[in-house]
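1. Any chance you can model this:
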Amino acid sequence: MGMAWTKRLAASVAISLLAFAYAAHAQQGGGNTEDSGYLAQHFSFEALNPDVKDAITHANLAPVSFQKIVLHTRDVMTSPDQSQPSTYSSTVTLENAGHGLVRRVEVVQDNSGSSTATRLDLTYRGYFSFLTQGISARATSLPPVQETRKVLRFDTGTSGHVAFVHLYGSTGAPTFQDPGQFLCDSGKSYSAAQLNASIDGQAVELNCRIIDTNGIETDKVALAYLEKYGVAVTLRTHNGQRTVDSSILDFSAH
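-> Numbering: from 1, shown residues only. Okay, the predicted model is just below:
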């Protein structure tokens with residue numbers, strides 16, 4: 001499925017496929033679909049910039065221990081601009097993408113069950129993204145993919161710290177001259193069952209900061225690294241505009 005097909009596809013159809021058909025496919029373990037083909041083509045190791053592929057290959061990352069994880073979250077957003085919190089739900093599918101990478105699909109729904117946004121990522125164990133694309137339900141065309149183009153630092157967290165420093169840009173646009181940074185420090189270890197009774201093993205808390213190309217801290221992110229599965233899940237994001245707290249309602253791993 002080439003880029004010409006993608007450009008011809010109406011945005012409303014693309015959003016519907018990615019948000020609903022793929023979520024159903026992920027939960028039911030169904031066969032191949034066009035939307036999973038899109039993900040395999042555009043959010044895979046082969047889709048990465050050659051310099052990034054080389055960096056991952058040289059890092060010799062251990063593979064994750066699962067094929068697929070599906071979790072549902074309840075998300076509460078608070079904002080200085082809102083008198084009351086907003087509540088919505090998300091379905092998050094994590095897939096083993098090989099090379100120590102995890103493909104992540106998040107579908108966000110409002111209280112009426114309507115899709116409001118879909119986000120696609122190719123990540124390192126759920127920590128940070130090498131490729132990411134966010135699609136609003138109101139979009140009239142498919143947005144570009146934000147892609148890492150050169151890895152400047154790649155600390156995989158063996159010392160209790162995670163550091164990812166990279167040069168990046170959007171498809172068809174120049175690379176930002178200054179790097180972006182994703183920096184984490186690990187905290188306490190606790191039973192992962194505290195997050196949801198279906199999660200086995202221990203969880204390690206990670207407190208992370210996202211720093212943009214201007215050197216400004218834009219977000220703080222709280223993750224839980226699930227040791228049995230070798231993947232991190234997001235529990236909290238915070239910036240000057242909003243705070244989102246997520247609780248895991250159900251969790252299944254295959």
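
2. Where do the helices of the stretch 1-150 of the chain begin and end?
-> 3-8, 11-16, 22-28, 34-42, 50-59 (DSSP state H, counting those that start in this stretch).

3. List the buried residues of stretch 146-166.
-> 146-149, 151, 154, 156-157, 162-166 (16 or more other CB atoms under 10 Å). All C-beta atoms are positioned from the backbone trio N, CA, C, and that covers glycine.

4. From Asn60, how far off is Gly100?
-> Distance of Gly100 to Asn60, given as CB to CB, to the nearest Å: 8 Å.

5. more neighbours, those two?
-> Taking other CB atoms under 10 Å, Gly100 and Asn60 do not tie; Gly100 has more neighbours (18 against 9).

6. how about the more buried one, what does it touch?
-> Ile56, Ala59, Leu61, Ala62, Pro63, Val64, Tyr124, Arg125 (CB atoms under 8 Å, 6 or more residues apart in numbering).

7. Over to Arg119?
-> Arg104, Val105, Glu106, Val108, Thr132, Gln133, Gly134, Ile135.

8. Let's have the residues you listed in a markdown table, adding distance to Tyr38, neighbour count and pLDDT.
-> As requested, these are exported to a markdown table (distance: CB to CB, whole Å; neighbours: other CB atoms under 10 Å; pLDDT from 0 to 100):
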| residue | distance to Tyr38 | neighbour count | pLDDT |
| --- | --- | --- | --- |
| Arg104 | 14 | 24 | 96 |
| Val105 | 11 | 24 | 95 |
| Glu106 | 16 | 20 | 95 |
| Val108 | 19 | 21 | 93 |
| Thr132 | 15 | 19 | 96 |
| Gln133 | 10 | 21 | 95 |
| Gly134 | 15 | 15 | 93 |
| Ile135 | 11 | 20 | 90 |
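
9. would you turn those into CSV with distance to His42?
-> Listed next are the contacts of Arg119 as CSV, based on distance: CB to CB, whole Å:
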residue, distance to His42
Arg104, 13
Val105, 12
Glu106, 16
Val108, 20
Thr132, 11
Gln133, 8
Gly134, 14
Ile135, 12
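
10. So which of the residues you listed is the closest to Glu205?
-> Taking CB to CB as the measure, Glu205 lies nearest Arg104 of the contacts of Arg119, at 19.6 Å.

11. What subset of the contacts of Gly100 is buried?
-> Looks like these have Ile56, Leu61, Val64, Tyr124, Arg125 buried, using 16+ other CB under 10 Å.

12. In this structure the second one contacts Tyr127, no?
-> No: in terms of CB atoms under 8 Å, Leu61 does not count as a neighbour of Tyr127; the distance is 11.6 Å.

13. residues contacting the closest residue to Ser170 other than its chain neighbours?
-> Spatial nearest neighbour of Ser170, excluding adjacent residues (CB to CB, 6 or more residues apart in numbering): Pro144 at 4.2 Å. Applying CB under 8 Å, 6+ apart, we find Pro144 in contact with Gln133, Ser170, Thr171, Gly172, Ala173.

14. Among those residues, which one lies nearest to Gly201?
-> Gln133 (30.9 Å).

15. give the contact list for the closest one.
-> His42, Phe43, Arg119, Leu120, Asp121, Leu142, Pro143, Pro144, Val145, Gln146.
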